[in-house]
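In: Coordinates only, no sequence provided:
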Ligand SMILES: [Fe+2]
């Protein structure tokens, strides 16, 4: 059952006059680099017993689970009036939720901590960013918030000069910040890292003197696509495909920039050093990682990703996924990156049927389980031969209610 309710931003945009349409397009492009805004099509999450749908350019909308009706926006009792990350992080020990809001106007990056019951914003800090970068996710460890800052940027001057408002600048620097949970801009320890574009974090945790971040890393961004005048199909084909650096005509600003692999950064809080490197094969692109949420902030052993069908993705210019992968970190020693980072972790693959593609993978822990990988993978699968979709449940029984975009499995709840 589905319910529709117009979002606030759509209401003034629903008129048919050219002026309204023009205003809508211009302001949304100016603000978001895209025509549509006020969407909630990116993720679903639960906090304080309530369920929300979110896209990162607006506040979350609450959903009534019993009938999937759309309720109101959630501004945490008026304390949050800006964009809200699509991937908030809940500390499994305290129950608190850490959020960020990245905007195209100052303050560019604000971090917040929401109480476990969801009633109060207990901490809020402007991180005083000077660059208008647009990271998609933050991480948390037991004591810290992990701030990703890479050169995927908004730039009004670039737009005025005829360029894209949102662009990945492959020749600009990247850094990762580690701040105490209730810290501020002055208390962040910054670490310079190799330039990257890593939309999704797998997990982060503390390991001795180091803060460890694992994510799905690429060398470029799928948005907004190639610059004007460049052949779109050729650009995507080269961007999604595994192309070796020693290949003739290799261009680091295009070739393989969308090939996304599991990656690890180790940030030493004592001496400020950084070690970093890939964990998975250069032949396989994967993204949209999920883990058992009970293991957020801890040194976990497993993650699950969607594997890109590079050939099919190149044809349409968007990623299509034809496999799942289970990543095994348990044999990964802390020293492997110092030794050159050539060790690849064990990966198990589950290939779908021909012309089947998946999206929206979630991991559901078995109730009462203590083993990290004791649970199920849920995902929507679309069969292009029959043009039908279904929910795939792997080793899953008792499926009651699945909310999909990315992020939430909710067992059936009978509310009185
Ligand atoms: Fe995402």
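Out: Good, I have the coordinates. In this text the structure is predicted, and so the values were computed from the model without any measurement.
In: Helices of the stretch 301-416 of the chain, residue ranges please.
Out: 310-316 (DSSP state H, counting those that start in this stretch).
In: Tell me where the model's unsure across it.
Out: Low-confidence segments of the stretch 301-416 of the chain, defined by pLDDT under 70: 332-343, 392-416.
In: Against residue 216, how distant is the residue nearest to residue 81 when sequence neighbours are not counted?
Out: Using CB to CB, 6 or more residues apart in numbering and skipping the chain neighbours, the partner closest in space to residue 81 is residue 75 (6.3 Å). Quick note: C-beta positions are derived from backbone N, CA and C, even for glycine. For residue 75, the distance to residue 216 (CB to CB, to the nearest Å) stands at 30 Å.
In: Neighbour count: the two, which is higher?
Out: residue 216 (23 against 14; other CB atoms under 10 Å).
In: Endpoints of stretch 66-80, how far apart?
Out: For stretch 66-80, the first-to-last residue distance is 27 Å (CA to CA, to the nearest Å).
In: quick one: buried residues of that stretch?
Out: Applying a neighbour-count criterion of 16 or more other CB atoms under 10 Å, the buried positions in stretch 66-80 are 70, 73, 74, 76, 80.
In: Which of the three states applies to the nearest residue to residue 126 once chain neighbours are set aside?
Out: If you skip the residues right next to it in sequence, residue 126 has residue 107 as its closest partner in space, 4.1 Å away by CB to CB, 6+ apart. Three states are possible here, and by DSSP: H, G, I helix; E, B strand; the rest coil the one that applies to residue 107 is coil.
In: now swap in residue 233 and tell me
Out: Of the three states, residue 233 takes helix under three-state DSSP.
In: For it, give me its contacts.
Out: With contacts defined as CB atoms under 8 Å, 6 or more residues apart in numbering, the neighbours of residue 233 are 314, 315, 317.
In: ok, of these, which one's closest to residue 43?
Out: Within the contacts of residue 233, the smallest distance to residue 43 is 22.6 Å, found for residue 317 (CB to CB).
In: Name the nearest residue to the most centrally placed residue in the chain, sequence neighbours excluded.
Out: The centroid of the chain falls nearest to residue 200 when counting by CA atoms, centre = their mean (3.7 Å). Taking CB to CB, 6+ apart, and ignoring the residues beside it in sequence, residue 200 has residue 216 as its nearest neighbour in space, at 4.8 Å.
In: Kindly report the same for residue 295.
Out: residue 372 is the one closest to residue 295 (CB to CB, 6+ apart), at 5.4 Å.
In: Tell me, how many residues neighbour that neighbour?
Out: Based on other CB under 10 Å, the number of other residues close to residue 372 is 18.
In: same deal with the one 3 residues further on?
Out: One way to gauge burial is a neighbour count; for residue 375, by other CB under 10 Å, it gives 22.
In: can you pull the contacts of the residue nearest to residue 295?
Out: The neighbours of residue 372, taking CB under 8 Å, 6+ apart as the test, are 291, 292, 294, 295, 300, 301, 302.
In: what about 10 Å?
Out: Taking CB atoms under 10 Å, 6 or more residues apart in numbering as the definition of contact, the neighbours of residue 372 are 291, 292, 294, 295, 298, 300, 301, 302, 303, 330, 363, 365.
In: before we move on, back to that, any idea which element the residue nearest to the centre of the chain lies in?
Out: Following DSSP states H and E, one finds residue 200 within strand 197-207.
In: in that strand, what counts as buried?
Out: With the criterion 16+ other CB under 10 Å, strand 197-207 contains buried residues 197, 198, 199, 200, 201, 202, 203, 204, 205, 206.
In: Ok, stretch 118-133 next?
Out: Applying a neighbour-count criterion of 16+ other CB under 10 Å, one finds 118, 121, 123, 124, 125, 127, 129, 131, 132, 133 buried in stretch 118-133.
In: Equivalent analysis for stretch 110-119, please.
Out: Under the neighbour-count criterion of 16+ other CB under 10 Å, stretch 110-119 has 110, 111, 112, 113, 114, 115, 118 buried.
In: Mind putting those into JSON lines with pLDDT and secondary structure?
Out: Formatted as JSON lines, the entries for these read as follows, by pLDDT from 0 to 100; DSSP: H, G, I helix; E, B strand; the rest coil:
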{"residue": "110", "pLDDT": "98", "secondary structure": "strand"}
{"residue": "111", "pLDDT": "98", "secondary structure": "strand"}
{"residue": "112", "pLDDT": "98", "secondary structure": "strand"}
{"residue": "113", "pLDDT": "98", "secondary structure": "strand"}
{"residue": "114", "pLDDT": "98", "secondary structure": "strand"}
{"residue": "115", "pLDDT": "98", "secondary structure": "coil"}
{"residue": "118", "pLDDT": "97", "secondary structure": "coil"}
